[in-house]
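Peer 1: no FASTA, just this:
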């Protein structure tokens, strides 16, 4: 996790296409999952869950083999770096990081874990009426009820994490005058002159990994 020095800014490629697509598709799918649950579109709700599970499994793998700033090793830091970063928060000047800052890295990991729990528990959930997750038949009713409860309340945790994430982005935009939203569309971040672009992994590898994750989820759901 490299912090850069302040200076003249250049637009440097930071976020690869797989990371950007994952981010925005996940946003849309979480919103659709909430809507489909409220509207009782449970078949579509389950399809959305399967897709979310596929994406999260892909993102976990991409966190080990993807482009530089997509990797967990790039944005998971130790307590010392985290404390040093927290001390910079009151400043109006943003501490420049090529990838995620230390708190942003924690946010990414927590949201990924929370979404994984949400999608995973949904596979075993039931509503005591007619709808059952595809793996309901493999567990007891008591265990399914417990996992259903986790599925219900974990979504509130997910909403809280998303709220904190959005608030942090807005804080950076308003207080520190750094736009963290635009780079997630363009892939480029304004960094001091002299910062070399990090190597980007090919989209082909991402497609292969996504296909493998989709096949794994299909197998889990059907067998």
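Peer 2: Alright, I've got the coordinates. All values derive from a computational prediction rather than experimental measurement.
Peer 1: hang on, isn't residue 96 packed against residue 192?
Peer 2: Yes: assessed by CB atoms under 8 Å, residue 96 is found in contact with residue 192 at 6.5 Å. For every residue, glycine as well, the C-beta is placed using N, CA and C.
Peer 1: Let me see the contact set for residue 198.
Peer 2: 13, 14, 67, 68, 69, 98, 99 (CB atoms under 8 Å, 6 or more residues apart in numbering).
Peer 1: er, residue 221 actually
Peer 2: 50, 123, 134, 135.
Peer 1: cutoff 6 Å now
Peer 2: Neighbouring residues of residue 221 by CB atoms under 6 Å, 6 or more residues apart in numbering: 50, 134.
Peer 1: Repeat that for residue 110.
Peer 2: residue 161.
Peer 1: Distance check, residue 26 against residue 77.
Peer 2: 23 Å (CB to CB, to the nearest Å).
Peer 1: still on that earlier bit, neighbour-wise, which of residue 96 and residue 192 wins?
Peer 2: Just comparing residue 96 and residue 192: by other CB atoms under 10 Å the higher neighbour count belongs to residue 96, 19 against 15.
Peer 1: Please pull out the lowest mean pLDDT helix or strand from this protein.
Peer 2: strand 9-13 (a mean of 83; mean pLDDT, DSSP states H and E).
Peer 1: Parallel or antiparallel, list what pairs with it.
Peer 2: Pairing partners of strand 9-13, with direction, according to DSSP bridges: strand 188-192 (antiparallel).
Peer 1: And the average pLDDT for the helix or strand just after the partner strand is what?
Peer 2: The helix or strand immediately downstream of strand 188-192 is helix 203-222, counting by DSSP states H and E. Average pLDDT, helix 203-222: 97.
Peer 1: Show me which positions of helix 203-222 end up buried.
Peer 2: 206, 209, 210, 213, 214, 217, 221 (16 or more other CB atoms under 10 Å).
Peer 1: go on, stretch 67-75?
Peer 2: Buried-residue list, stretch 67-75, by 16+ other CB under 10 Å: 67, 68, 69, 70, 71, 72, 74, 75.
Peer 1: Between the residues you listed, which sits nearest residue 167?
Peer 2: residue 75 (19.1 Å; CB to CB).
Peer 1: any idea how far residue 18 is from residue 204?
Peer 2: Residue 204 is 11 Å from residue 18, by CB to CB.
Peer 1: Regarding the residue nearest in space to the middle of the chain, what is its secondary structure?
Peer 2: Geometric centre of the chain, nearest residue: residue 112, 4.8 Å, by CA atoms, centre = their mean. Of the three states, residue 112 takes helix under DSSP: H, G, I helix; E, B strand; the rest coil.
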